[in-house]
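Student: The sequence isn't on hand, but the structure is:
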């Protein structure tokens, strides 16, 4: 059985509450004792999860310097879904809201986008198979449990996938800083895919060409763009706002 690690109180608490069957074993630093960690340990013990008490240095070594907050867990490795699963996911969705990430290779950004997609009630996150961060421990920690619940679908050809979504009646909206059309002036209430580009490069040419329309987030300050995970939050929650008014 392939296994992975998650670390940090929030990520482990999320796994316990959302997907406890994925947890294998908890590793806890002897040096840390506080109420928040004690609650996580109590929940783990209540579900019969094995707990290993180790030194903080052991956790430091295993987490390779990442912030573990005194607790780590061995977990069954999460896997991205094959693109063949996308039709099945869409069939169950009454009003699909898809987040498409074109070339987001930073695991921190992917984790933050998964967390935001989960919070906004998105149906799934779609990424290209060969041009995206992988679903690793860093992604899972930043996602705070969303990596275990939000479907992450890897596709071989992103342009082809966007064409298929459009054939299913899903409106594809891409983000681009140079367009005159603002996000807040576009109707986003129907079946929808929001496409976000990589930081710096933005959307690739073929991806742009397969969007039904391009929108920009209006910027009032001196900076020219937002971090992709922040921009994702702005876009997804504008969809949520509009849908709640319908």
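Tutor: The structure has been received and is ready for your questions. This structure is a prediction, so every number in the text was calculated from the model and none was measured.
Student: drop to CA atoms for contacts and neighbour counts, all remaining ones
Tutor: OK.
Student: quick one, domains of the protein?
Tutor: As recorded under the TED database, the domains making up the chain are 3-76, 83-244.
Student: quick one, which of those domains is packed in tightest?
Tutor: Of all these, domain 83-244 has the most neighbours on average by mean count of other CA atoms under 10 Å, namely a mean of 18.
Student: Check the separation of the first and last residues in that domain.
Tutor: The stretch domain 83-244 measures 30 Å between its terminal residues, going by CA to CA, to the nearest Å.
Student: The domains of the chain: lowest mean pLDDT?
Tutor: Of all the domains of the chain, domain 3-76 carries the lowest average pLDDT, namely a mean of 87.
Student: Off-centre distance for it?
Tutor: The chain centroid and the centroid of domain 3-76 are separated by 21 Å, computed with CA atoms, centre = their mean, to the nearest Å.
Student: Do you have the helices of this protein handy? List them.
Tutor: Ranges of helices within the chain are 9-18, 35-46, 56-63, 86-91, 107-119, 137-143, 158-167, 205-209, 228-245, based on DSSP state H.
Student: Which among these is found nearest to residue 70?
Tutor: helix 56-63 (6.7 Å; CA to CA).
Student: circling back to that earlier point, dump the helices of the chain into JSON lines; add distance to residue 184 as well.
Tutor: Formatted as JSON lines, the helices of the chain follow (distance: least, CA to CA, whole Å):
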{"stretch": "helix 9-18", "distance to residue 184": "32"}
{"stretch": "helix 35-46", "distance to residue 184": "40"}
{"stretch": "helix 56-63", "distance to residue 184": "41"}
{"stretch": "helix 86-91", "distance to residue 184": "26"}
{"stretch": "helix 107-119", "distance to residue 184": "19"}
{"stretch": "helix 137-143", "distance to residue 184": "27"}
{"stretch": "helix 158-167", "distance to residue 184": "22"}
{"stretch": "helix 205-209", "distance to residue 184": "19"}
{"stretch": "helix 228-245", "distance to residue 184": "7"}
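Student: Quick one: closest of these to residue 178.
Tutor: Short answer: helix 205-209, nearest of these by CA to CA, at 12.1 Å.
Student: for the closest one, packing partners?
Tutor: Applying 3 or more CA pairs under 8 Å, 6 or more residues apart in numbering; DSSP states H and E, we find helix 205-209 packed against helix 158-167.
Student: now residue 208, nearest residue through space, not along the chain?
Tutor: Excluding the flanking residues, the one nearest residue 208 by CA to CA, 6 or more residues apart in numbering is residue 174, at 6.8 Å.
Student: Give the bridge partners for the one you found, please.
Tutor: Counting by DSSP bridges, residue 174 forms beta bridges with residue 195, residue 214.
Student: The nearest residue to residue 73 once chain neighbours are set aside and residue 62: what is the separation?
Tutor: What sits nearest to residue 73 in space, not counting adjacent residues and going by CA to CA, 6+ apart, is residue 26, at 4.4 Å. Distance, residue 26 to residue 62, using CA to CA: 13 Å.
Student: for residue 240, same thing?
Tutor: Look at residue 240 and residue 62: by CA to CA, they are 39 Å apart.
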